[in-house]
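What follows is a protein structure lacking sequence information:
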Ligand SMILES: Nc1ncnc2c1ncn2[C@@H]1O[C@H](COP(=O)(O)OP(=O)(O)OP(=O)(O)O)[C@@H](O)[C@H]1O
């Protein structure tokens, strides 16, 4: 299925993904390279000296993906584990290079997540400054927004304690609050809404919705398909690195969930059939055993 029909002609593209391929190279897997049979002689060994090539495995995580995202859209990516959702988001945020194809941005893209720069041994307060500055805010801007960030995180006095003493919910709330202190044109959210309590999730989704309405573009991944349905205007279903469906979030999520359900039912049926077969085999064995006992 193609991208959703334009409802108006004045939609403004924010991200254009054109025939995008992302390939990971995993080094050090498999066997060392061996010379071809018959070629293992002094000369080839000398030529290959020092080249103890470990195998390189390529993982083609995103395959020939194309779509256009518009301002004011929130796009959820659904798909099973390993289907390429996070890789696609990271490529959209400009964090992974394309092996082929292009990603064009109209505006600044940022992955929601400052985890990499935060330090667990430092206080939440210190991390607010580190994280917000990493997002490009000046010290003065962080000072101005500090109270808002802390209020949004809702962690009270804990802000003055090291982050290592936080529960995972508290840490993720603070990360979210810091990450959204500076709002880019294109916001990429990777599973941020799955943590925290219901109240925080609501506030987080309100913040994302506000951002979308102010003509930003939001991309998000969530393993919870209902989050995508509730939060997004559009969804893209990925399967083995390829786009299976792209359209209104309700339709795409329903189709994805129907596939997951059908697969689970088929698996259950297969397991039941296998169990039945095993039972029949055991019964046959027992019957044969008792027959030979009688004979004996
Ligand atoms: N850094 C990496 N190096 C090598 N392979 C990777 C790397 N990151 C992801 N992959 C592989 O790329 C494929 C897509 O992974 P990706 O994390 O994008 O999928 P996903 O749909 O987000 O998965 P999940 O739902 O489990 O988070 C998988 O086969 C994964 O093993």
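Sure, I can see it. Worth saying up front: this structure is predicted, and the values here are computed from it rather than measured.

Please tell me I have it right and residue 106 contacts residue 14.
Yes - here residue 106 reaches residue 14: they are 5.0 Å apart, a contact under CB atoms under 8 Å. The C-beta positions use only the backbone N, C-alpha and C, and glycine is treated the same way.

More neighbours: those two, which one.
For residue 106 and residue 14, the more surrounded residue by other CB atoms under 10 Å is residue 14, and the numbers stand at 22 against 16.

and the more buried one, what helix or strand is that in?
Element membership of residue 14, judged by DSSP states H and E, is strand 13-27.

That strand vs the ligand: in contact?
Yes - using CB under 6 Å from any ligand atom, strand 13-27 reaches the ligand at 24, 26.

what packs against that strand?
Helices and strands in packing contact with strand 13-27 are listed as strand 56-70, helix 85-92, strand 100-105, strand 217-221; criterion 3 or more CB pairs under 8 Å, 6 or more residues apart in numbering; DSSP states H and E.

Swap in 6 Å and give it another go.
Secondary structure elements in contact with strand 13-27, counted by 3 or more CB pairs under 6 Å, 6 or more residues apart in numbering; DSSP states H and E, are strand 56-70, helix 85-92, strand 100-105.

Mean neighbour count, the ones you listed: which tops it?
Here the criterion is mean neighbour count by mean count of other CB atoms under 10 Å, and of the helices and strands packed on strand 13-27 the winner is helix 85-92, at a mean of 23.

just to revisit the earlier point, adding mean pLDDT and distance to the ligand, write the helices and strands packed on strand 13-27 out as JSON lines.
Formatted as JSON lines, the entries for the helices and strands packed on strand 13-27 read as follows, by pLDDT from 0 to 100; distance: least, CB to the nearest ligand atom, whole Å:
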{"stretch": "strand 56-70", "mean pLDDT": "94", "distance to the ligand": "4"}
{"stretch": "helix 85-92", "mean pLDDT": "91", "distance to the ligand": "3"}
{"stretch": "strand 100-105", "mean pLDDT": "93", "distance to the ligand": "15"}
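
Out of those, which is closest to residue 131?
Of all those, helix 85-92 sits nearest to residue 131, with 18.7 Å by CB to CB.

Show me how far the closest one is from its chain's centre.
Helix 85-92 has its average C-alpha position 7 Å from the chain's average C-alpha position, going by CA atoms, centre = their mean, to the nearest Å.

again, but for stretch 63-73
Taking CA atoms, centre = their mean, one finds the center of stretch 63-73 at 16 Å from the center of the full chain.
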